[in-house]
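S.K.: Show me how the following folds:
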Amino acid sequence: MSRNQFLILSGIIVGCAAGLAGVVLKMLVHYIHYFITYRVHFSTQVIFYALFPFLGIVLTTIVVIAFFKGQSRKGIPVILHEIAQNSSLIPPVKMYSQILQSAITVGLGGSAGLESPIAVTGAAVGSNYARNYQLGYKERTLLLAAGATAGIAAAFNAPIAGVMFAFEILLTGVVFSDFMPLILASVCGSLLSKIILQEDVLFHFESRQPFNYYNVPFYIVLGLLCALYARYFVVVSQRIEHFFAKLQWSALKKAIFGGVIVSFLCVLLPPLFGEGYTSVKLLAVGNSGDIIQNSFFQYLPSQTWMVLIFTGCVCLLKVFATSFTVYGGGNGGNFAPSLFAGGFLGYFFSMICVACGFTHVPLTNLVIVGMAGVMSGVMYAPLTAIFLIAESSSGYDLFIPLMIVSTISFLIAKWFSPISPDLKHLADEGKIFTRAHDKNILSLLKIENFVEDTIQKIDSGANLRILIELVKQGNHNIIAVVNAEDRLDGLITLEDIRPIMFNPALYDSVTVKQLMKPPAAVISLKDNIAEVISRFDETHAWDLPVISNNKLVGFISKSSILNQYRLLLQEYSEDTEK
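M.R.: Residues are numbered from 1 along each chain as shown. Predicted coordinates for the structure are as follows:
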């Protein structure tokens with residue numbers, strides 16, 4: 001087989017495998033929900049909502065500790081990190097660990113989504129398939145993306161959205177000429193989902209209203225609201241993540257704490273239980289009264305303002321339920337929560353418009369389009385959001401409002417932060433790819449591979465005679481001056497001693513301390529290559545010392561970095577031309 005034929009066949013195989021994994025996870029969660037809802041009976045619904053989300057988060061944490069050695073890295077950042085820092089090699093355990101963990105978390109009512117675990121699982125399938133056939137970095141990355149694409153397509157029965165997800169999020173900064181494996185993988189994943197899963201398991205909306213251009217002002221205002229809400233969502237999520245990171249508790253204690261908070265929120269507002277797609281579907285068809293059932297609000301007078309308060313509270317508190325689920329120890333992502341919150345925000349906005357006296361408010365359309373708006377602002381993926389909602393609702397006639405709302409939300413989110421806040425710290429550290437192609441190639445270079453540890457050292461108390469003898473014995477242009485603890489005091493170059501090195505009268509009177517100069521800059525092994533290059537540019541130096549634990553470990557040469565960079569650039573150019 002030719003290279004292209006093999007990649008096409010590989011895309012089909014990886015797409016079927018990853019799509020099947022997504023279908024399995026969806027079915028697991030569906031049947032867990034069915035079992036705890038219809039087979040387990042409680043005297044009151046309060047006990048139901050109080051018990052299961054707590055159990056889901058705690059059991060997931062116990063499984064991670066017992067079977068996966070406490071390694072609970074999760075979410076889309078894991079995939080991006082492996083692409084940039086680990087040559088697109090994802091550990092084989094990710095092919096099944098995410099399914100098990102997220103099935104327990106979300107199946108028992110954790111307020112998170114399944115799409116991120118499905119994407120990680122699919123990416124792991126593609127990466128390990130490529131590893132098995134000893135494919136190169138480019139092919140491995142392509143099949144990794146194909147697996148994630150198939151997983152997303154299977155989760156939503158939305159093949160175009162799966163491909164958009166790969167291009168917008170996973171393959172940022174990676175140049176490809178081959179995209180047919182992505183398309184085929186997405187088609188395979190979507191077909192498996194369509195064939196196997198029942199309609200009520202899929203994320204699908206039937207009812208909607210025809211687009212009327214007179215309603216454009218509604219969509220513009222909704223786009224602004226989605227942008228502000230998306231910013232609120234990511235800021236609150238980050239603060240809760242930092243809160244858990246600072247807690248000096250064991251993983252199990254964090255899980256218990258997070259489980260208690262999520263269970264309390266589910267008791268207060270039952271739509272926060274699980275993914276919540278059923279509640280959004282009820283809003284889309286106008287059955288807002290059904291979502292209040294099993295909550296304390298059902299005992300209040302059934303009036304419009306009461307429904308408005310309820311949906312507003314659900315919208316505001318969804319981010320807390322999701323963040324405490326994920327960072328407390330559960331496994332899930334922000335795909336479903338952002339869609340859920342967008343649907344409730346759209347409904348809340350439509351009810352405000354009705355209360356203000358507007359007529360012919362497109363309620364169903366605002367619910368559907370609001371999902372795309374919030375997802376676009378949270379995930380920084382407007383095309384994925386547009387096609388996902390269009391495919392899931394068969395609402396291709398809603399492309400104009402979808403584009404209006406998603407674009408406004410995305411542009412305002414970018415104004416707040418050019419890079420997705422979930423990824424910003426990794427991007428700042430050079431651990432993931434961005435759209436800056438040169439920096440992406442630099443990030444593939446590791447400092448430890450450039451450290452020259454065959455260095456010449458001399459004590460700062462030595463005289464010129466000892467220094468001259470050291471120069472005779474070696475072939476280095478730089479000599480490090482160190483103290484008794486091997487800490488760097490300064491540097492001496494041949495240029496510094498050339499004027500006096502042939503004057504024996506100075507050999508015993510001139511000391512090394514008089515000749516040495518402080519280094520223009522020092523490099524730490526913790527620095528990334530972009531920072532190292534920046535220091536070379538600032539100091540105009542060609543060799544800089546490397547320090548670890550306050551001790552000299554060697555030197556880095558600017559020329560060696562540039563040579564390796566040229567080789568990588570040539571390799572990427574050749575791969576792109578194939």
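
S.K.: pLDDT score for A245?
M.R.: pLDDT for A245: 89.

S.K.: Next, count neighbours for it.
M.R.: Using other C-beta atoms under 10 Å, A245 has 9 neighbouring residues. Where C-beta positions appear, they are placed from N, C-alpha and C, glycine not excepted.

S.K.: Any figure for the gap between it and I62?
M.R.: 21 Å (C-beta to C-beta, to the nearest Å).

S.K.: next one: T172
M.R.: 36 Å.

S.K.: Which residue, neighbours along the chain excluded, lies closest to I368?
M.R.: S393 (5.3 Å; C-beta to C-beta, 6 or more residues apart in numbering).

S.K.: Also G474?
M.R.: Per C-beta to C-beta, 6+ apart, closest to G474 is Q456, 4.7 Å.

S.K.: ok so, going back, count the residues that sit near the residue nearest to I368.
M.R.: 25.

S.K.: Touching, it and N365? I think so.
M.R.: No. Using C-beta atoms under 8 Å, S393 is not in contact with N365, being 9.3 Å away.

S.K.: give me the number of residues near V235?
M.R.: Look at V235: counted by other C-beta under 10 Å, it has 14 neighbours.

S.K.: Do I have it right that it meets P421?
M.R.: Yes. Between V235 and P421 there is a contact under C-beta under 8 Å: 7.4 Å.

S.K.: quick one on the thing from earlier: and T172 and I62? Which one has more around it.
M.R.: T172 (21 against 15).

S.K.: tell me the SS of that one?
M.R.: Secondary structure for T172, judged by DSSP: H, G, I helix; E, B strand; the rest coil, is coil.

S.K.: now it, nearest residue through space, not along the chain?
M.R.: Nearest in space to T172, with sequence neighbours left out and distances taken as C-beta to C-beta, 6+ apart, is F433 at 5.6 Å.

S.K.: and if you look at L308?
M.R.: Nearest non-adjacent residue to L308 (C-beta to C-beta, 6+ apart): M351, at 5.1 Å.

S.K.: does the one you found really touch I309, like I thought?
M.R.: No. In this structure, M351 is not within contact of I309 by C-beta under 8 Å, at 10.3 Å.

S.K.: out of these two, which sits in the busier spot?
M.R.: Neighbour tally, M351 and I309, criterion other C-beta under 10 Å: the higher count belongs to M351, 21 against 14.

S.K.: which stretches of the stretch 401-550 of the chain form helices?
M.R.: Applying DSSP state H, counting those that start in this stretch to the stretch 401-550 of the chain gives helices spanning 421-428, 437-443, 464-473, 494-497, 512-515, 529-539.

S.K.: And the stretch 1-150 of the chain, by the same measure?
M.R.: Going by DSSP H, counting those that start in this stretch, the stretch 1-150 of the chain shows helices at 3-34, 45-67, 76-85, 94-107, 115-132, 137-156.

S.K.: Neighbours of K194, how many?
M.R.: 15.

S.K.: in the stretch 301-450 of the chain, what spans have low per-residue confidence?
M.R.: 301-303, 395, 434-441, 443 (pLDDT under 70).

S.K.: swap the cut-off to 90 and go again
M.R.: Along the stretch 301-450 of the chain, segments meeting pLDDT under 90 span 301-310, 332-336, 354-365, 389-399, 417-450.

S.K.: host element of V280?
M.R.: In this assignment (DSSP states H and E), V280 forms part of helix 277-284.

S.K.: Kindly format the C-alpha coordinates of that helix as PDB.
M.R.: In PDB, the C-alpha atoms belonging to helix 277-284 read as follows (Å, rounded to 0.1, in the frame of the first residue of the first chain):
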ATOM      1  CA  TYR A 277     -29.200  17.500  28.100                       C
ATOM      2  CA  THR A 278     -32.800  16.300  29.000                       C
ATOM      3  CA  SER A 279     -33.500  19.600  30.800                       C
ATOM      4  CA  VAL A 280     -32.300  21.600  27.800                       C
ATOM      5  CA  LYS A 281     -34.500  19.600  25.500                       C
ATOM      6  CA  LEU A 282     -37.500  20.400  27.800                       C
ATOM      7  CA  LEU A 283     -36.700  24.100  27.600                       C
ATOM      8  CA  ALA A 284     -36.400  23.900  23.800                       C
END
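
S.K.: how much does that helix deviate in direction from helix 3-34?
M.R.: Inter-element angle recorded for helix 277-284 and helix 3-34: 80 degrees (by axes from the mean of the first three to the mean of the last three C-alpha atoms, to 10 degrees).

S.K.: I would like the residues contacting helix 277-284, please.
M.R.: Under the contact criterion C-beta atoms under 8 Å, 6 or more residues apart in numbering, helix 277-284 has outside partners 203, 205, 207-208, 271, 288, 290-291, 311, 314, 336, 339-340, 343-344, 346-347, 364, 367-368, 371.
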